[in-house]
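In: Requesting a structural model of the entry that follows:
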Amino acid sequence: MKRQFTVASLVSCLALGLATSAHAQETLDVVTDPSFVPFEMMDQETGQMVGFDMDIVAEVAERAGFEYNLRTMDFNGIIPAVQTGNVDIAIAGITITDERAEIVDFSDPYYDSGLRLLVNADDDSIQSIEDLEGKSVGTKIGSTSYDFLQENLGDDADITPYPGSSDMYMALLGGSVDAVFYDAPNVGYFSQTQGEGRAKVVGPLYEGQQYGIVLVKGSDWVEPVNEALASMKEDGTYDEIHSKWFGSASGE
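Out: You can find the predicted model right below:
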């Protein structure tokens, strides 16, 4: 009797172990936008994607127990790619919205953001969204900033959506648009790097927003991802990553 119990237990444990191992070693397809600095960007020396989001997803994967293949695509295609199941997870400074949450799942928020205006350094005529009436403004295709401009300005301004953030910034510096309206951290980063001395951030922070990691609707990985994010915040790892890319502790 004891021998039969041992054999049965061994078989049961082996099956459970194989199932657990298969889940732990599952490789997921993760997609990001290659041009949303400093959240995700290509390191020209190594050819690897780096940034705040890249550090976040690497740590989440390790804690949640999955490996991943990283892909890049234009931001406008990311939500549809997750919705159709062509990829498992997306992280690209993606704002949590009710509309998006109808077709994909979001993790708990991992970054607080908003929208800001960027103009040429010598332009004092634009200080707020209202000042864009009769002017041209660049933003990003498929972004919440584009939706905000459409809702608040409509035909009162010439709204031009660009496929990449670098495109809209070059349009501003080249005189093709009078302003850029986009996610605050990206606008701020540009103004302090490539745009230093040539562009400036003006006006208030519009629409307080939160970024979330996007997963396929009904994904079994939502809970493990949330647990990973929570543990990162509890043990200080999140603050270390935040400070690395933004120079201050989270929440400041």
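In: Mind listing residues that contact the strand ranked longest in the chain?
Out: Criterion DSSP state E: the longest strand present in the chain is strand 199-211. Outside strand 199-211, the residues that touch it by CB atoms under 8 Å, 6 or more residues apart in numbering are 93-96, 109-121, 126-129, 144, 148, 169, 172-173, 183-184, 187-188, 190-191. Where you see a C-beta, it was placed from the backbone N, CA and C, and this is true even at glycine.
In: taking these one by one, which sit in helices?
Out: 144, 148, 169, 172-173, 184, 187-188, 190-191 (DSSP state H).
In: Would you mind putting those residues into CSV with distance to V216 and neighbour count alongside?
Out: What follows is the ones in helices among the contacts of strand 199-211, written out as CSV (distance: CB to CB, whole Å; neighbours: other CB atoms under 10 Å):
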residue, distance to V216, neighbour count
T144, 21, 23
F148, 27, 17
Y169, 32, 25
L172, 36, 23
L173, 39, 16
A184, 28, 21
V187, 30, 24
G188, 32, 16
F190, 32, 25
S191, 36, 22
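In: now for these, which pair is the farthest apart?
Out: T144 and L173 (23.6 Å; CB to CB).
In: and E196, what helix or strand is that in?
Out: Using DSSP states H and E, E196 is not contained in any helix or strand.
In: same check, this time on E223
Out: With DSSP H and E as the test, E223 turns up in helix 222-234.
In: same thing with Y238?
Out: Y238 belongs to helix 237-246, assigned by DSSP H and E.
In: With pLDDT and distance to R63 as added columns, please give the ones in helices among the contacts of strand 199-211 in JSON lines.
Out: Output for those, formatted as JSON lines (pLDDT from 0 to 100; distance: CB to CB, whole Å):
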{"residue": "T144", "pLDDT": "93", "distance to R63": "28"}
{"residue": "F148", "pLDDT": "96", "distance to R63": "34"}
{"residue": "Y169", "pLDDT": "97", "distance to R63": "35"}
{"residue": "L172", "pLDDT": "98", "distance to R63": "39"}
{"residue": "L173", "pLDDT": "97", "distance to R63": "41"}
{"residue": "A184", "pLDDT": "91", "distance to R63": "28"}
{"residue": "V187", "pLDDT": "92", "distance to R63": "31"}
{"residue": "G188", "pLDDT": "89", "distance to R63": "29"}
{"residue": "F190", "pLDDT": "91", "distance to R63": "31"}
{"residue": "S191", "pLDDT": "90", "distance to R63": "34"}
